[in-house]
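Asker: return a 3D structure for these sequence lines:
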Amino acid sequence: MAEIRQTFSRGIQEDDVWGAADALLHEGLRPTIERVRQKIGRGSPNTVSPMLERWFVSLGQRIAGGAAPSANLSAGNDADGVPVSVRNATRLLWETARREAEQVQRQEMDGARAELRESEESLRSGQAELAQREAAFEQARASLDTALASSQQAREALERQLAEQAAEVQRLRVSTDHEIARLNTLLLQTSASKELLRQEHAAVLAAREQDLRDAEARHAAQDRRMLAEVDRARQATKSMEAELAREQQHRVRSEEAAAQALQAERQALRTAQQAGQEAERSLRDQLAAERIALARSEAQGAALAQRLDALQRHLEDLQQRLAEERSSHDATRALLAGAVAAMKRADGERKMTSGKSKARRDAS
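Answerer: Next up, the predicted model:
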């Protein structure tokens, strides 16, 4: 008996189970796993069940340890001295308990099998889900590899495009610098030409003023001579006085015309100078604006071609304006030359008229 009774890992002793079963039997109750657990107050069915089975196995031997066979038979007992009714009740109790234990064991085995099947189903479902996840992961990895390759190609294409744009911007910058240098040279040439033209205008104006002063001096001397001759020829004929008056009127008209021509020439010269100054300021402003536009164009590479086209058109306009300025200067020069020629002709006519008058006076 001591060999059968063992200590299990869950803390329930076989003596506790057997004592609880004996107590239930004395109380007239059939020992079951649940009743034994309630009697003890602890323990699991898996631990209590084998201990209770060993209790039922040893129950017959325990009952067989009674009186002598002869005494038992005479007392209405069986050969082992156990009352027949007790043995029958014990056998019936044993069979009932065995069947119930087998039923409980079958139920537990069925539950374990159901749990095992559920575990297998859950495992198969998990394996299927894992396979699906692996397939989805492979697809996602393939998509990611494709997207990475596409991104690498796009990055390389973008780098090539940026390099091409940088080369184009550098080329346009060099071309624009050359164009600005050419414009600066053209501006310097225009300024030098304008300065030369101004000096020529100043020289012509000075010469014209000198001619005017000389003419005025000649006119003053001629007036003095004419006044002296008038004083000496006061008694001349009326016709000489009329001729002298006509000559004087002609001289006054010539002087007024010369003065008007000189005034017009001065006005034209001032207008040309103002126009030249305005053109110079406009050119400088436009050049500054073009430099600012060039600085902005470096940050706006996409619009650089359009700005260069606009700059080309503007340069054409500047060339056209320069051509117009040259035409204006040529016209001014022609006007000055005409005015000088007119003054020379007027001076010649006055000299001729004065010579004729003197010849008449000498003849008279």
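Asker: now do the strand or helix carrying residue 53: which elements does it pack against?
Answerer: Here residue 53 sits within helix 45-64, counting by DSSP states H and E. With contacts taken as 3 or more CB pairs under 8 Å, 6 or more residues apart in numbering; DSSP states H and E, helix 45-64 sits against helix 14-26, helix 33-40, helix 84-232. For every residue, glycine as well, the C-beta is placed using N, CA and C.
Asker: for that helix, give the mean pLDDT please.
Answerer: If you average the pLDDT over helix 45-64, you get 84.
Asker: quick one: that helix to helix 33-40, angle?
Answerer: 90 degrees (axes from the mean of the first three to the mean of the last three CA atoms, to 10 degrees).
Asker: lowest average pLDDT across the helices and strands packed on helix 45-64?
Answerer: helix 84-232 (a mean of 81).
Asker: right, and the helix or strand after it?
Answerer: helix 238-299.
Asker: re the thing from before, show me what counts as buried in the helix holding residue 53.
Answerer: 47-49, 51-56, 59 (16 or more other CB atoms under 10 Å).
Asker: return the member of these nearest to residue 255.
Answerer: Proximity of the buried residues of helix 45-64 to residue 255 (CB to CB) peaks at residue 47, which lies at 151.1 Å.
Asker: so that closest one touches residue 13, yeah?
Answerer: No: in terms of CB atoms under 8 Å, residue 47 does not count as a neighbour of residue 13; the distance is 10.4 Å.
Asker: circling back: could I get the helix holding residue 53 in PDB with only the CA atoms?
Answerer: Output of helix 45-64 as PDB, limited to C-alpha atoms (Å, rounded to 0.1, in the frame of the first residue of the first chain):
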ATOM      1  CA  PRO A  45      -9.600  16.300 -11.900                       C
ATOM      2  CA  ASN A  46      -6.600  15.000 -13.700                       C
ATOM      3  CA  THR A  47      -4.700  14.600 -10.400                       C
ATOM      4  CA  VAL A  48      -7.600  13.200  -8.400                       C
ATOM      5  CA  SER A  49      -8.900  10.600 -11.000                       C
ATOM      6  CA  PRO A  50      -5.900   8.100 -11.000                       C
ATOM      7  CA  MET A  51      -5.800   8.300  -7.200                       C
ATOM      8  CA  LEU A  52      -9.500   7.500  -6.900                       C
ATOM      9  CA  GLU A  53      -9.100   4.600  -9.400                       C
ATOM     10  CA  ARG A  54      -6.400   3.100  -7.200                       C
ATOM     11  CA  TRP A  55      -8.700   3.500  -4.200                       C
ATOM     12  CA  PHE A  56     -11.400   1.500  -6.000                       C
ATOM     13  CA  VAL A  57      -8.800  -1.200  -6.900                       C
ATOM     14  CA  SER A  58      -7.700  -1.500  -3.300                       C
ATOM     15  CA  LEU A  59     -11.200  -1.400  -1.900                       C
ATOM     16  CA  GLY A  60     -11.800  -5.200  -2.400                       C
ATOM     17  CA  GLN A  61      -8.500  -6.100  -0.600                       C
ATOM     18  CA  ARG A  62      -9.400  -3.800   2.200                       C
ATOM     19  CA  ILE A  63     -12.800  -5.300   2.600                       C
ATOM     20  CA  ALA A  64     -11.300  -8.900   2.400                       C
END
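Asker: taking helix 14-26 as reference, get the angle to that helix.
Answerer: Using the same axes, to 10 degrees: helix 45-64 against helix 14-26 is 60 degrees.
Asker: quick one, helix 45-64 and helix 84-232 angle?
Answerer: Using the same axes, to 10 degrees: helix 45-64 against helix 84-232 is 170 degrees.
Asker: any idea how far helix 45-64 is from the middle of the chain?
Answerer: Distance, stretch centre to chain centre, for helix 45-64: 87 Å (CA atoms, centre = their mean, to the nearest Å).
Asker: out of the helices and strands packed on helix 45-64, nearest to residue 290?
Answerer: helix 84-232 (7.1 Å).
Asker: and stretch 20-31, end to end?
Answerer: Start and end residues of stretch 20-31 are separated by 8 Å (CA to CA, to the nearest Å).
Asker: next, the buried residues of that stretch.
Answerer: Those would be 20-21, 24, 31, for stretch 20-31 by 16+ other CB under 10 Å.
Asker: before we move on, what about stretch 115-131?
Answerer: Buried-residue list, stretch 115-131, by 16+ other CB under 10 Å: empty.
Asker: using PDB, write out the CA atom coordinates for that stretch.
Answerer: What follows is stretch 115-131, C-alpha atoms only, in PDB (Å, rounded to 0.1, in the frame of the first residue of the first chain):
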ATOM      1  CA  GLU A 115      -9.200  20.800 -28.100                       C
ATOM      2  CA  LEU A 116      -6.500  19.000 -30.100                       C
ATOM      3  CA  ARG A 117      -8.600  19.300 -33.300                       C
ATOM      4  CA  GLU A 118      -9.300  23.000 -32.500                       C
ATOM      5  CA  SER A 119      -5.600  23.500 -32.000                       C
ATOM      6  CA  GLU A 120      -4.800  21.700 -35.200                       C
ATOM      7  CA  GLU A 121      -7.500  23.800 -37.100                       C
ATOM      8  CA  SER A 122      -6.000  26.900 -35.500                       C
ATOM      9  CA  LEU A 123      -2.500  25.800 -36.400                       C
ATOM     10  CA  ARG A 124      -3.600  25.100 -40.000                       C
ATOM     11  CA  SER A 125      -5.400  28.400 -40.200                       C
ATOM     12  CA  GLY A 126      -2.300  30.100 -38.800                       C
ATOM     13  CA  GLN A 127      -0.100  28.300 -41.300                       C
ATOM     14  CA  ALA A 128      -2.500  29.400 -44.100                       C
ATOM     15  CA  GLU A 129      -2.500  32.900 -42.900                       C
ATOM     16  CA  LEU A 130       1.300  32.800 -42.500                       C
ATOM     17  CA  ALA A 131       1.600  31.500 -46.100                       C
END
